[in-house]
Every structure is written in structure tokens, then in C-alpha cells.
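**Q** sequence-free structure coming up:
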Ligand code: KG4
Ligand code: ZN
């Protein structure tokens, strides 16, 4: 089955075609980051309007790249939530209209399920069951995954998501939006040991996260280190970025180790924008090696928002016979645990 995937939940328009026999055939991404950067964050109305301009041209571009005609498609999947409702509605409307016009089935897909299963697009995909750490701009969750749609929430952030914390720290350090990758790049110049930030909630039992205290700690440290003109020295900024990143990474290492030990599982999947972070990958890689377990993640462009993950999930669910109901739905909130399971299928080649 050949499925077109459309992602428009936030500030990236992503389109891809996934083929159940041949894998990913083509994908394209258009990032709105320049539009939102001047405001320091995503402006929902501007996001929706730009998705209106970009979605259909990207569909044609992807079909062209894959050497396919519209009539070669067997199904269409689009992100139905969670996300910005106006932005989601654009992808949903385009997907549903194309599906109706072509007489092929459509399906609204859960954005975080897309992230969660994006590592299935890799050459050496994880096998069920596994523990997944979902770390995006809007979510930080530890999930036990026993199959597609079989998700048990083990713990989540009580306040900011990890990506959000990265973005806010980036803003405090005067870096442009989105801060995550820029904080990581700045941390490269940091001096190890210059600062030591608290690891939030690691001494409490359980698998919950909280990043607001760490964020306040970063803000206070920045203020304490300003010179008489209120400026923060470039090296100090890098040292703070490094100490923040190290605190986030070691928090995840401790909680992921706990999740693997509690569930008795031997595979850890990390997914979502923050899973592109090199220090996080290295820290978790070391921890899983100590437990004789394995770490899986997607290539960097499939860690952040993309159409490929939506095409993949859509293909698995459409092949299992799932279909949209008649109404077009777009959901700002949508618990991952409420998704319906399908029988586990062979991982993507
Ligand atoms: O999954 P994603 O693309 O969008 C959401 O579903 O939210 O995640 C975006 C988040 C942003 O907060 C961004 O700053 C963060 O992922 N991010 C990173 C890195 N790359 C993206 N954070 C830390 N290090 C990175 N290398
Ligand atoms: Zn995302």
C-alpha cells in the first residue's frame, strides 16, 4: 500500500510517500522558522496561513520526486492532533479533499505516535516491546510500547516539555528561536565543571519530570553572572548552556534507566525533536550499554516534525483497515493512550 502523509501540526509543513513494500519513497519539508523567529515563538495564525500556501505544492513536489502520479496513491494520512487547531485543519482539509477526489481512504494520525514510530523508518528498526522517551517541543513522556497503538504512559513532565525548556533557556541566553539546537551548539564551547545545575526530581521515586525549577535556576545564574552593564560574557553563556544541557541529559539518563529496570525491557527508543540532541544520545547510549540494552533513534531530520512519520503510521493503520469517520477532526489535545491498537506488523525495511 502506498500512502501520502501530511504533517501540519505546528510550524513545519511535511509531506512524504511511504510504500509498505518499498519503504519511504520521497519526502519534503518546508520550515516556517524564519516567519516565527522574529516573534520568538510560533504565531498560530501565521502558521495556518503558511500551511495553506505550502501544503499542496509540497504534495506535488513529493509525488514528482517519487515519480508517482496522484492515481498511484492508495491512501492518505494527515496529522489530526495534538497541535495547533488551525494548522491541523489545513492538513486535514487537504488530505480529506485529495482522498475524496481520488476515491481513496484517508486517516487522521496522532502526531506523537508519528514521532514514536519514526525510528521504524531506519535500516535497523526496534522491535516491540520497548520503552520510549518522547521528547518534543510540547511533550515529555516515558511510554511502554508493546505494539502499534499499545501504549502505557509511565511518566511525563508536570510542567514544561524538554524542548520547551531548551527553547526558553535559548531565549534567556539571547539565542534565536528555536533555541534547542542553538543551546546545544553553544554548549559545545562550554567549560565542563564551570557550573553544576540541579538534576530535577531524580531523588524522588517515579518517572515524572519537571523542568520549571531548572529553568529558574538558569535564569538566576544568568542574572548573577551579568557584568555591570548587564551583559553576559560569551564564555559564561556557553558554560551555562553546557550545565543546563548536562542537567537535562542526566535527568533523562536516570529516569530512562529506572523505566528499563521497572519494565524489564531491553530496548529504549528516543523520539521527537530533542532526540536529535547529541549529548542526550551519547548519555543514553552509555547507560543502555551498561544495562546490556539497546538505544534506537531516527535520523535527525525525522526526529523533528516531518511527513515521513505520518505516512508510515498512516500506512500501518490504513493497512489494518482503519478509516476516517465522515467528519473532519483536528484535536488540540489527544491522549496517546486512547489510540486503538492494531496487530503488530513487520517493521519497515
Ligand atoms: O518534535 P518537534 O520537531 O516538534 C514538536 O512536536 O514539538 O520538536 C521541536 C523541539 C523544539 O523545542 C526544539 O528546540 C527541540 O525540539 N530540538 C532540540 C534539538 N533539536 C530540536 N533540542 C535540543 N537539542 C537539539 N539538537
Ligand atoms: Zn513534533
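**A** Yep, it's here. Nothing here was measured: the structure is a model prediction, and the numbers come from that model. Ligands and ions are numbered 1, 2, ... in the order given.

**Q** Excluding chain neighbours, give the residue nearest to residue 52 in space.
**A** residue 90 (5.5 Å; CB to CB, 6 or more residues apart in numbering). C-beta coordinates here come from the backbone N, C-alpha and C atoms, glycine included.

**Q** Please apply the same query to residue 250.
**A** Using CB to CB, 6+ apart, the closest residue to residue 250 is residue 199 (5.3 Å).

**Q** Then residue 7?
**A** Residue 7 sits nearest to residue 14 (CB to CB, 6+ apart), 3.8 Å away.

**Q** Residue 298 against residue 275, yeah?
**A** Yes. Assessed by CB atoms under 8 Å, residue 298 is found in contact with residue 275 at 7.2 Å.

**Q** The two - which one has more neighbours?
**A** It is residue 275, of residue 298 and residue 275, that has more neighbours when counted by other CB atoms under 10 Å, with 29 against 25.

**Q** List the contacts of the more buried one.
**A** With contact set as CB atoms under 8 Å, 6 or more residues apart in numbering, residue 275 has these partners: 133, 135, 281, 297, 298, 303.

**Q** Burial check on the residue found closest to it once you drop the neighbours it is linked to in the chain, number of neighbours?
**A** Nearest residue to residue 275, sequence neighbours excluded (CB to CB, 6+ apart): residue 303, at 4.6 Å. By other CB under 10 Å, the residues close to residue 303 number 24.

**Q** Residue 303: what's it in contact with?
**A** 115, 118, 271, 272, 273, 274, 275, 276, 297.

**Q** how does it look with 10 Å?
**A** Going by CB atoms under 10 Å, 6 or more residues apart in numbering, residue 303 touches 115, 118-119, 135-136, 270-277, 281, 297, 309.

**Q** what about residue 160, distance to ligand 1?
**A** For residue 160, the distance to ligand 1 equals 10 Å [CB to the nearest ligand atom, to the nearest Å].

**Q** what residues are up against the closest residue to that residue other than its chain neighbours?
**A** Among residues not flanking residue 160 along the chain, residue 211 sits closest, at 4.4 Å (CB to CB, 6+ apart). Residue 211 makes contact with 140, 157-162, 164-166, 168-169, 200-201, 218, 244, 247-248, 251 under the criterion CB under 10 Å, 6+ apart.

**Q** Which PyMOL command selects the buried ones in those residues?
**A** A single PyMOL command is used to select the members of the contacts of residue 211 judged buried by 16 or more other CB atoms under 10 Å:
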select buried, resi 140+157+160+161+162+164+165+166+168+169+200+201+218+244+247+248+251
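
**Q** helices or strands up against the host helix or strand of residue 288?
**A** Per DSSP states H and E: residue 288 is located in helix 278-290. When contacts are defined as 3 or more CB pairs under 10 Å, 6 or more residues apart in numbering; DSSP states H and E, helix 278-290 packs onto strand 130-135, helix 179-187, helix 234-263, strand 267-271, strand 294-297, helix 300-303.

**Q** and these, which is most packed in?
**A** strand 130-135 (a mean of 27; mean count of other CB atoms under 10 Å).

**Q** Against which helices or strands is the helix or strand following that strand packed?
**A** Going down the chain from strand 130-135, the next helix or strand is strand 140-147, by DSSP H and E. With contacts taken as 3+ CB pairs under 10 Å, 6+ apart, strand 140-147 sits against helix 111-117, strand 130-135, strand 150-156, helix 162-172, helix 234-263, strand 267-271.

**Q** next one: strand 140-147 to chain centre, how far?
**A** Chain-centre distance of strand 140-147: 14 Å, with CA atoms, centre = their mean, to the nearest Å.

**Q** quick one: buried residues of it?
**A** For strand 140-147, by 16+ other CB under 10 Å, it's 140, 141, 142, 143, 144, 145.

**Q** quick one: strands adjacent to it?
**A** Applying DSSP bridges, strand 140-147 is found paired with strand 130-135 (antiparallel), strand 150-156 (antiparallel).

**Q** That one and ligand 1, are they touching?
**A** No. Contact of strand 140-147 with ligand 1 (CB under 6 Å from any ligand atom) is absent, the minimum separation being 10.3 Å.

**Q** Quick one: mean pLDDT over that strand.
**A** The average pLDDT within strand 140-147 is 98.

**Q** what angle separates it from helix 234-263?
**A** For strand 140-147 against helix 234-263, the angle by axes from the mean of the first three to the mean of the last three CA atoms, to 10 degrees is 40 degrees.
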